[in-house]
Each structure stands twice: as structure tokens, then as C-alpha cells.
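Enquirer: Output the structure for:
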Amino acid sequence: MDELVKLLDPNLKYISHKIKDNFMYITVESNRSSFQCPHCNTISNKVHSRYERSFQDLPIQGYKVIIVLINKKYFCENPSCNYKTFAETFSFVKYKAKKTIRLENEIVKIAANVSSVAASKILRNQIADVGKSTICNLFKKRNINSR
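Expert: Residues are numbered from 1 along each chain as shown. Alright, predicted model coming up:
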């Protein structure tokens, strides 16, 4: 499982997984010891806290996947920075997103050829819990005409 997690990001470490109903919950944690402040670019290794963040990903072996990320929040060690703390970020999921980028791409690919209602049904049965409004919002963000 650790190898699958590393495909998302090499800075992730597999912690555990559990299967409940039709979902596989995969808990991962960052193995970074420092991170760069996005506001002033100062490297910090002083961890403020940790919190859980969860989002959907592509299915594995017929199970819908929810990734539970134990995310670190760091203190900014630059006294002139306007921000005292910041959270680490990852390239596979956007800030505050509830779906990975690769899942969003799959949603758009499936929904491009059918109505958003039909796409929602297909996605809910096989890939992820996605509503019609989520599909429409993804199309709006990408400036694509939906059906």
C-alpha cells in the first residue's frame, strides 16, 4: 500500500487503511521534516500542529477511496512575515479541495460526453460520490460547456 501512496506524492507515508461499506479509507501522513512558507519562502522545521484532511481519490479494486491526510501546520520563522503559521500543501490536491486533481480529471472526462445527471449516476456507481452540481462546477472552473 505504501507504494500506491507514494504514487500520489513521494513525501507521503502510509499509516493504515480500513474498508467500510463500499469505501476504502487510506490514512497517510507527510514524512517531511520542513516546509517552505508560501508567503515569504522561508523554510521552517517548527511544527505548530497536525490536523486531518480528507478527500476522494480514484477507486482501488472496486472500492471508492477516501484519503485521510494527517497534515502538518508549521510556524513561520521569519519575524517579518505577516503570517505566523501555514499548512503544507501537495501537488495532487488543490487548497481546500475535496477531490484529487486526477479524480477531477476523470470526472470531466466521463461527463464530457453525457449529461451531468447521467455522469453523476455513472460516477456514483463506479468511481466516487459526485453530484450533478459538482460536475457543473468543475466544468465552470475549467470554462467547459456542460450539457
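
Enquirer: dump the residue contacts of the closest residue to V28 other than its chain neighbours.
Expert: Leaving aside its sequence neighbours, V28 sits nearest to L12 (Cβ to Cβ, 6 or more residues apart in numbering; 4.6 Å). Any C-beta I mention is one placed from the backbone N, CA and C, and that applies to glycine too. Contact analysis of L12 by Cβ atoms under 8 Å, 6 or more residues apart in numbering lists V5, K6, V28, E29, S30, N31, L69, F90.

Enquirer: Nearest to K132, out of those residues: which one, please.
Expert: Nearest to K132 among these is L69, at 27.0 Å by Cβ to Cβ.

Enquirer: Retrieve the pLDDT associated with the closest one.
Expert: L69 carries a pLDDT value of 97.

Enquirer: Below-threshold pLDDT in this structure: ranges please.
Expert: Residues of the chain meeting the criterion pLDDT under 70: 144-147.

Enquirer: which residues in it form strands?
Expert: Using DSSP state E, the strands found in the chain span residues 12-20, 23-30, 35-36, 43-44, 47-60, 63-75, 85-87.

Enquirer: To R124, which of those strands lies closest?
Expert: Per Cβ to Cβ, nearest to R124 of the strands of the chain: strand 63-75, 9.0 Å.

Enquirer: helices or strands up against the closest one?
Expert: Packing partners of strand 63-75 (3 or more Cβ pairs under 8 Å, 6 or more residues apart in numbering; DSSP states H and E): strand 12-20, strand 23-30, strand 47-60, strand 85-87.

Enquirer: re the thing from before, show me how to select, in ChimeraX, the buried members of the contacts of L12.
Expert: Buried members of the contacts of L12, defined by 16 or more other Cβ atoms under 10 Å, are picked up in ChimeraX with:
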select :5,28,29,30,69,90
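
Enquirer: hang on, the earlier thing: format the helices and strands packed on strand 63-75 as CSV; extra columns: distance to F139.
Expert: Below are those laid out as CSV (distance: least, Cβ to Cβ, whole Å):
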stretch, distance to F139
strand 12-20, 30
strand 23-30, 26
strand 47-60, 18
strand 85-87, 28
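
Enquirer: that older thread, quick check: which of the strands of the chain is nearest to T134?
Expert: Ranking the strands of the chain by proximity to T134 (Cβ to Cβ) places strand 47-60 first, at 10.2 Å.
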